[in-house]
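S.K.: Turn this into a model:
(2 chains)
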Amino acid sequence: MATAGGARPPAPGDDGRRGAARVARVPRLLRVPVRRRGARMRLKLLGAGRLGSLAGLGRGGAGALALPGCLLYTRAGAAPHLTHDTLREVRGVPGVAHVALPALAEIHDVLEEYKEGAAKFMGMPDAVLYCSLHDPVTPCPSGYNTNKMVSLWGSSGRMEITASKFMDIQRAIQPDWFQCISDGDTISGEAGRKRAQKSVDRSLSFLDICLQLQEESPELQGSVMFGAIEGGDILEERLRSARETAKRPVGGFLLDGFQGSAMAKETKLKLIASVTAELPEDKPRIIHGVGKPDEVLECIERGVDIFESFFPFQVTERGCALVFSYDCHPAPEATVLPQNGIQDLEKNGAQEDQEEVSKADPEMTPFEISLKDKKYHDDFGPLLEGCSCYCCQRHTRAYVHHLLVTNELLAGVLLMMHNFQHYFGFFSAVRDALRDSKLDQLKELIFRQALQGPASTALRH
Amino acid sequence: MAAPAAGPPPVLRIVAECGRSRARAGELRLPHGTVPCPVFMPVGTRGTAKGLTAAQLAALGCRICLGNTFHLGTRPGPELVRRSGGLHGFMDWPHNLLTDSGGFQMVSLLELSEVSEEGVLFQPPHGGDPVLLSPERAMEIQNALGADIVMQLDDVVSSTTTGPRLEEAMLRSVRWLDRCVAAHARPQQQRLFAIVQGGTEPELRLRCLRAMTQRAVSGFAIGGLSGGEAKARFWRAVKLCTEHLPRDKPRYLMGVGYATDLVVCVALGCDMFDCVFPTRTARFGSALVPWGSLQLKNQKFAKDFRPIDADCGCPTCQRHSRAYLHALLRCNTAALHLLTLHNVAYQMKLMGSIRDSILRQRFPEFVREFMAAMYGGRGGPPAWAREALESVGITLG
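M.R.: Predicted structure coming up:
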């Protein structure tokens, strides 16, 4: 595994918690060109952990993505609920858009006839497009993959896709990045060692077939294939998958099989750290299925670069708004935090509201407030004090509450705008914290909010 | 009836009139700005123009839209809206608003309401105590909502009603108009319109017109139509109204929004229109075009890579194809918003073309072109439209 000078990556088994602080103080530029025919993607690391950027993206080579960062979650190429002009009002939209294969596989024949690629078909000809195998929000029932095919789940039901069919579809899509077809059916919690082994074997087999097919496909010469690292919760399989995948000429890596809640947290974190330790520094690492801010930070510390942004979408769908604070710049002794989100999160946990909270969506996290709650019906403050998003600048919690209660479509529009902007702002704050060596403060702030009890959110005096 | 006191300045300024038909082009001068007319007003019942943001609606050229007193009066309630800076503040809408009084809900929610001289007793569909909507209460709510144009509470019956109930409703509407005028607490900031009733009975309409035109109101709506009545009766009732309404006050035909109906009723002398149709049909996947509509959920559009309408300059047509919208409709509400954007743009463009043709003294030609585009391949315009247009001097080929 090549590293062109600079810090040693953490050893396998190291949980990677010795992050930014241990890396050489002097920022170093690691410019290692990725040798891919037609792809001009370059990963530049700036020295604090994996703070850096990807440049040379997209058709014209002008696209970029700051790292660590997230993708723009789309459903069939449009941000959920948002048209082009409403998306344009959101600040900090990432430079790479994420679309899931199933919606495109369902219109394979349409794309073939269209000939000019999915990005253009979806009205985003200049976008940098990443195509993942599955949609992070659609459940994938277990037991529908074989040695020869993987099942995809779309709006019209289940589709069986072989490696060859997969590449046919990718040729019609012409993505900038795409996840190679892989078998990630290990998340149900019932997968044992054998199943984990199969996921690795199959995925490597698919990878080799697809790499060969990519060689033969002129339409895909500019596309970067991401190899999926599988192996369930078995360390040996994970290491094998990482090492073997890293031997192939892929442009990046996809940490798969960490979705859901079946895997114990300690196991998950340890595996992620072990996997990234096996991977070359000069290639980006995406993880699927991780979205909550605390989990994002844990993964960043363990060598992950890129995340999806399905989490703000899920928050939106349950009528909630993200209000967690990521502003760690005020001194910890400050008695008032600039964003009142913390006070709201405190109220979430307060005694008298327990009844309301327990009626709330069970999926709700400590990072959000539920606008459907009656207590917001006459709250004339913005969703989050200090937020500069379209919704917070113009509307109140009372208005959004009203829209939700009356089932108006605009609720989704406004919440999505806020939740995306807040989430993208969080990633920006992560990068700032890495740059300013303040990651520990940010972690402390985020983890404190993750715990959600009134005592743990008490302000330090 | 006492002579009208010095009221707010006149709303309507006529800029041009068609030399043949009764069509007029002009401006509505309202507290939140000037609105060119004839005008179509999109409906944002509950304080939202459906999936569109206020910014998007304004960007399409909309300068007046509707909110509904009954719905907003129930949820979130007028007091809350008042504290939000009125409906303008609540929606963040910088342009004009018109609120309907809630009378129409009597027809649409009939099982849940009971009409008496006092007002309408509603059983709210979402539970709670029965609510009495009286003329006074309707004005109180509308005063709190703060729309630029407010409507009287009228006793609405279905447009196919005949017999004593129709007359009773018409006479009561006149009495309720007087109560609304008396109860209106903000005549300088909010313009009150009367609503002419009488169904499709010419004699009742006439009596209503004679009575209401004596009252000091800023404009007149033509109500009680656009239900299930025969089109032949519909247009005659509209024409009777425009014949007897004052020239210098706006005529608002309620509940009309189909393109053909708009064109014909402008010819008959109407200035303002509202309808849920364009925005509602968008949410069913239907895109309005000069030759009808496209049902984009239909499989036949799956590989149609053209925009909805190549001549439409709206954001949806500039960026997206029918094929993409067809695919997006399956999985993203953004598709509904894209279609709503287009349909509102279509309505705005239609009214703009109508107005423009009146200003240029070529409205009859416009009507002929419109009808040819809409019905050219389908055996010509419907008989009622032909008759209505002929009655005001516009003959179709």
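
S.K.: Would you mark the buried spots in stretch B:229-241?
M.R.: Within stretch B:229-241, the residues scored as buried using 16 or more other Cβ atoms under 10 Å in any protein chain shown are B:229, B:231, B:233-241. Backbone N, C-alpha and C define where each C-beta goes, glycine included.

S.K.: next one: stretch A:304-321
M.R.: A:304-321.

S.K.: can you tell me if it touches chain B.
M.R.: No. Applying Cβ under 8 Å from any Cβ of the partner chain, one finds stretch A:304-321 separated from chain B by no less than 10.6 Å.

S.K.: Please put the alpha-carbon coordinates of that stretch into PDB.
M.R.: Extracted in PDB, the C-alpha atoms of stretch A:304-321 (Å, rounded to 0.1, in the frame of the first residue of the first chain):
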ATOM      1  CA  VAL A 304     -13.200   7.800   6.700                       C
ATOM      2  CA  ASP A 305     -13.400  10.700   4.300                       C
ATOM      3  CA  ILE A 306     -16.900  10.800   2.800                       C
ATOM      4  CA  PHE A 307     -20.400  10.300   4.100                       C
ATOM      5  CA  GLU A 308     -23.900  10.300   2.700                       C
ATOM      6  CA  SER A 309     -26.500  12.900   3.600                       C
ATOM      7  CA  PHE A 310     -29.600  10.700   4.000                       C
ATOM      8  CA  PHE A 311     -29.700  11.600   7.700                       C
ATOM      9  CA  PRO A 312     -31.000  15.200   7.300                       C
ATOM     10  CA  PHE A 313     -33.600  13.700   4.900                       C
ATOM     11  CA  GLN A 314     -34.800  11.200   7.500                       C
ATOM     12  CA  VAL A 315     -35.000  14.000  10.000                       C
ATOM     13  CA  THR A 316     -37.200  15.900   7.600                       C
ATOM     14  CA  GLU A 317     -39.400  13.000   6.900                       C
ATOM     15  CA  ARG A 318     -40.300  12.700  10.600                       C
ATOM     16  CA  GLY A 319     -41.100  16.400  10.800                       C
ATOM     17  CA  CYS A 320     -38.000  17.300  12.700                       C
ATOM     18  CA  ALA A 321     -35.400  20.000  12.500                       C
END
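
S.K.: any idea of the mean pLDDT in that stretch?
M.R.: The average pLDDT within stretch A:304-321 is 98.

S.K.: Could you do stretch B:314-325 as well?
M.R.: For stretch B:314-325, the per-residue pLDDT averages 98.

S.K.: How far does that stretch sit from its chain's centre?
M.R.: 27 Å (Cα atoms, centre = their mean, to the nearest Å).

S.K.: does residue A:91 sit in a helix, a strand or a coil?
M.R.: coil (DSSP: H, G, I helix; E, B strand; the rest coil).

S.K.: how close does it sit to residue B:131?
M.R.: 43 Å (Cβ to Cβ, to the nearest Å).

S.K.: What of residue B:35?
M.R.: 32 Å.

S.K.: the more surrounded of the two?
M.R.: residue B:35 (23 against 17; other Cβ atoms under 10 Å in any protein chain shown).

S.K.: my guess is that one contacts residue B:63, does it?
M.R.: Yes. Using Cβ atoms under 8 Å, residue B:35 is in contact with residue B:63, at 4.5 Å.

S.K.: Any idea how far apart the tips of stretch B:192-212 sit?
M.R.: Using Cα to Cα, to the nearest Å, one end of stretch B:192-212 lies 12 Å from the other.

S.K.: Of all the residues in it, which ones are buried?
M.R.: B:192-201, B:204-209, B:211-212.

S.K.: swap in stretch A:257-270?
M.R.: Neighbour counts over stretch A:257-270 (16+ other Cβ under 10 Å) mark A:257-259, A:263, A:268-270 as buried.

S.K.: Contacts for it, please.
M.R.: Contact with stretch A:257-270 is made by A:13, A:15, A:136, A:184, A:186-189, A:199, A:230-233, A:235, A:271-272, A:287-290, A:298, A:302, as judged by Cβ atoms under 8 Å, 6 or more residues apart in numbering or on different chains.

S.K.: Drop anything exposed from those residues.
M.R.: Buried residues within those, defined by neighbour count using 16+ other Cβ under 10 Å: A:136, A:184, A:186-187, A:199, A:230-233, A:235, A:271-272, A:287-290, A:298, A:302.

S.K.: can you list the residues of the stretch 301-450 of chain A near chain B?
M.R.: Close to chain B, as judged by Cβ under 8 Å from any Cβ, the stretch 301-450 of chain A has residues A:377-378, A:380, A:390, A:394-396, A:398-399, A:401-403, A:405-406, A:408-410, A:412-414.

S.K.: follow-up on the earlier one: narrow the buried residues of stretch B:192-212 to those in strands?
M.R.: B:192-196 (DSSP state E).

S.K.: from these, which are also near chain A?
M.R.: Okay, of these, nothing touches chain A (Cβ under 8 Å from any Cβ).

S.K.: low-confidence ranges in the chain?
M.R.: Answering for chain A, as no chain was given. A:1-39, A:329-343, A:346-360, A:453-461 (pLDDT under 70).

S.K.: try again with chain B
M.R.: Short version for chain B, where the test is pLDDT under 70: B:1-6, B:106-107, B:109-112, B:125.

S.K.: Looking at it, which residue reaches furthest from the middle?
M.R.: residue B:303 (35.8 Å; Cα atoms, centre = their mean).

S.K.: Would it be right to say that residue A:387 lies in a strand?
M.R.: No. Counting by three-state DSSP, residue A:387 is not found in a strand; it is coil.

S.K.: That one touches residue A:420, doesn't it?
M.R.: No. Between residue A:387 and residue A:420 there is no contact under Cβ under 8 Å: 11.7 Å.

S.K.: more neighbours, those two?
M.R.: Neighbours were counted for residue A:387 and for residue A:420 using other Cβ under 10 Å; residue A:420 has more, 30 against 20.
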